[in-house]
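S.K.: With the sequence up front, the predicted model follows.
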Amino acid sequence: MRRNYQNIPRYVPHAASGYALNQNESQYPLPERLERAIRDVSLEALSRYPVEELLALKASYADYAGVEPTQLMVGSGSDELLAILSQAILDTEDRVVAPAPDFSMYGIYTQIARGHFTQPDEQGLRYETLTEIIRTTDPKLVLISNPNNPTGKMWTLDELSDIATRVPYLVVDEAYIDFTMKDSFVSRLNEYSNVIILRTLSKAFGLANLRIGFMIASEEIIEQIDRFRSPFNVSGLSAAVANVVLRDESYIQESIQFHTAQREKLTELLRPVGEILPSRANFIYVKTDDSEGWASRFLDKGVHVRAFPDGLRVSAGTDEAYALIRQTIEEVNSVENS
Ligand SMILES: Cc1ncc(COP(=O)(O)O)c(C=O)c1O
């Protein structure tokens, strides 16, 4: 085994019962018309390695994203694309910087690629803090989720553009951008050839189970990074199902409307817990010193949320889950007031 492999944590998934508002998955049910169309997906090519399905998927997604198919790479989730791009860009000991907090896998993929991962100790979501740590660390790669996971904070296009001028490579991870498409960096991609955008079908598209993510970059960068991809890394069946959903005229707008409305309800609901940070994604972050306490009280009612040191991240969910959240908060209030 590699030296220090123990420093790399395992990701062990748990089957959870109840309401999972801890992974920012879509809670919008797939419409019947799509379920029917998916059942019609052909199984004829099951014995062959997938080619056509991937070409069709790239064409559909390029249309959706407003780029050329040659500017895309498809991965088994954006997670796999993070792994691939880290391997492609980093030489041993190269430095990588990300804001703090940010998506927890960034540090892990950097370690796997034998790089050095640094995040600010304090005020890690301030633009000034980030540019200062870039100045002192001189990273080859900066990774930023926008909207930020877990807080929902948006980095402006001007801030991201400025950061792109300071480093060899900037990854803008747009896992949640479908909920606020006007903020996508795609509009500036032609001006910043060192920027790589990541997207996924796991969130607004409600297809986490298919494991499909996209890298969007210049044709030149795609050509370089694609060398580090395994052959046939994405299932053709997944690609075919995704293609059915992508080609639907109204599904993505329906999903966005549902999640936006449910996020607003959740904001009102969680106000008694603490300060709510503004969010355009399908989750909100509520600040509280008692995050573990709240998470375990919600769990007692069957609602999973994600606890962080200074707050909770809660995905937009269904009214049934919200009824249980309301009950929990009312019970705590009645104990406090008695
Ligand atoms: C910011 C961010 N990036 C990437 C991912 C990975 O998504 P997937 O591998 O399902 O595409 C997630 C999942 O939660 C995420 O929050």
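M.R.: Yes, it's here.
S.K.: Helix, strand, or coil at the residue in the stretch 201-338 of the chain positioned nearest to the ligand?
M.R.: Using CB to the nearest ligand atom, residue 202 is the residue of the stretch 201-338 of the chain that sits closest to the ligand, at 3.3 Å. C-beta coordinates here come from the backbone N, C-alpha and C atoms, glycine included. For residue 202, the assignment made with DSSP: H, G, I helix; E, B strand; the rest coil gives coil.
S.K.: near the ligand, which residues of the stretch 1-150 of the chain?
M.R.: Residues of the stretch 1-150 of the chain lying near the ligand by CB under 6 Å from any ligand atom: 24, 77-79, 103, 145, 149.
S.K.: ditto for the stretch 201-338 of the chain
M.R.: Residues of the stretch 201-338 of the chain lying near the ligand (CB under 6 Å from any ligand atom): 202, 208, 213.
S.K.: number of nearby residues for the residue of the stretch 201-338 of the chain closest to the ligand?
M.R.: Residues near residue 202, counting by other CB atoms under 10 Å, number 22.
S.K.: where's stretch 228-244 relative to the chain centroid, distance-wise?
M.R.: Centroid displacement of stretch 228-244 relative to its chain, using CA atoms, centre = their mean, to the nearest Å, is 19 Å.
S.K.: first to last residue in it, what's the distance?
M.R.: Start-to-end span of stretch 228-244 (CA to CA, to the nearest Å) is 28 Å.
S.K.: Show me the contact partners of that stretch.
M.R.: Stretch 228-244 has contacts (CB atoms under 8 Å, 6 or more residues apart in numbering) with 34, 37-38, 41-43, 45-46, 48-54, 56-57, 60, 73-76, 80, 84-85, 87-88, 201, 205, 207, 210-212.
S.K.: what does the domain assignment say about this protein?
M.R.: Domain segmentation of the chain under automatic domain parsing yields 16-27+251-337, 47-247.
S.K.: Any idea which of these gets closest to residue 9?
M.R.: domain 47-247 (6.7 Å; CB to CB).
S.K.: what's the weakest-modelled helix or strand in the protein?
M.R.: The helix or strand of the chain with the poorest confidence is helix 319-337; it has a mean of 92 (mean pLDDT, DSSP states H and E).
S.K.: Just the CA trace of that helix, in CSV.
M.R.: Output in CSV follows, covering the C-alpha atoms of helix 319-337 (Å, rounded to 0.1, in the frame of the first residue of the first chain):
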residue,chain,number,x,y,z
ASP,A,319,-44.2,18.9,3.1
GLU,A,320,-44.3,15.5,5.0
ALA,A,321,-40.7,16.0,6.1
TYR,A,322,-41.4,19.6,7.0
ALA,A,323,-44.3,18.6,9.3
LEU,A,324,-41.8,16.5,11.3
ILE,A,325,-39.3,19.4,11.4
ARG,A,326,-42.1,21.7,12.6
GLN,A,327,-43.1,19.2,15.3
THR,A,328,-39.5,19.0,16.6
ILE,A,329,-39.1,22.7,16.8
GLU,A,330,-42.4,23.2,18.6
GLU,A,331,-41.5,20.5,21.1
VAL,A,332,-38.2,22.2,21.8
ASN,A,333,-39.9,25.6,22.2
SER,A,334,-42.6,24.3,24.5
VAL,A,335,-39.9,22.7,26.8
GLU,A,336,-38.0,26.0,26.8
ASN,A,337,-41.1,28.0,27.5
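S.K.: Identify the residues contacting that helix?
M.R.: With contacts defined as CB under 8 Å, 6+ apart, helix 319-337 is touched by 19, 21, 27, 262, 265-266, 269-270, 272-273, 297-298, 300-303, 314.
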